[in-house]
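Chemist: Build me a structure from this.
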Amino acid sequence: MLYINPDNPQPRLIKQAADALRQGAVICYPTDTVYGIGCDIYNQKAVKRIYQLKRRPKGKPFSFMCSGLQNVSEYCFLSNVAYRLMKKSLPGAYTFVLPAMKIVPRIMMSKQKTVGIRVPDNTICQHLVEALGNPILNTSATMEDGEPFREAYEVEEEFGGRLDVIIDSGTVSPSFSSVVSLVGDEAEILREGKGDISLFF
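Modeler: Predicted coordinates for the structure are as follows:
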């Protein structure tokens, strides 16, 4: 368990978590919506562990977390429309579905070669991705019934030894991200969540 300050993350602890990710760790970390579970997207063994942990079918890829719009553009094709809409809404509680670049591991892509991208409005997340140097897999830490956890210790009680590192930054007010597809010429709302969808009309 790492206790990291949500407003001023301690660089030493961020480095410790990033080093663990680099070595194949599966971690729990806070976002602007829920506590998330993730790993380095380039570590296939760790990605497969999360599939097992979440009991998720192999054909349903996870989204991943970038540090900012510039970082997103390294992994996804951004049309002018997508760039403009994302620029005014990020960082924030959105998952954007975008066409993937070849740099993205196949296990992270849908059959349509699209990916889900998040840039959470959360300082720990942004520092973590920057320290690791590439995106982190993103899925919510939830109970059996799909209810998200509010506290890191609840995640520890549920998942225990199946996680290598748990970052505790205090209580989160759980809610899910809004999911927006920017694959076509116009934004398509796939799920309304915490992120304000009026920005896309």
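Chemist: Enumerate the beta-bridge partners assigned to the residue most central in space within the chain.
Modeler: By CA atoms, centre = their mean, the mean C-alpha position of the chain lies nearest to residue 138, the distance being 3.0 Å. With DSSP bridges as the criterion, residue 138 is bridged to residue 63.
Chemist: Provide a list of residues in contact with it.
Modeler: For residue 138, the contacting residues are 31, 36, 38, 62, 63, 64, 65, 116, 118, by CB atoms under 8 Å, 6 or more residues apart in numbering. For every residue, glycine as well, the C-beta is placed using N, CA and C.
Chemist: which one of those sits closest to residue 92?
Modeler: Relative to residue 92, the closest of the contacts of residue 138 is residue 118; by CB to CB it sits at 9.2 Å.
Chemist: So what's the residue count around the residue nearest to that closest one when sequence neighbours are not counted?
Modeler: Spatial nearest neighbour of residue 118, excluding adjacent residues (CB to CB, 6 or more residues apart in numbering): residue 65 at 4.8 Å. By the criterion of other CB atoms under 10 Å, residue 65 has 25 neighbours.
Chemist: C-terminal to the one helix or strand in the chain whose mean pLDDT sits lowest, which secondary structure element comes first?
Modeler: One helix or strand of the chain scores below all others by mean pLDDT, DSSP states H and E: helix 152-159, with a mean of 93. Downstream of helix 152-159, the next assigned helix or strand under DSSP states H and E is strand 165-168.
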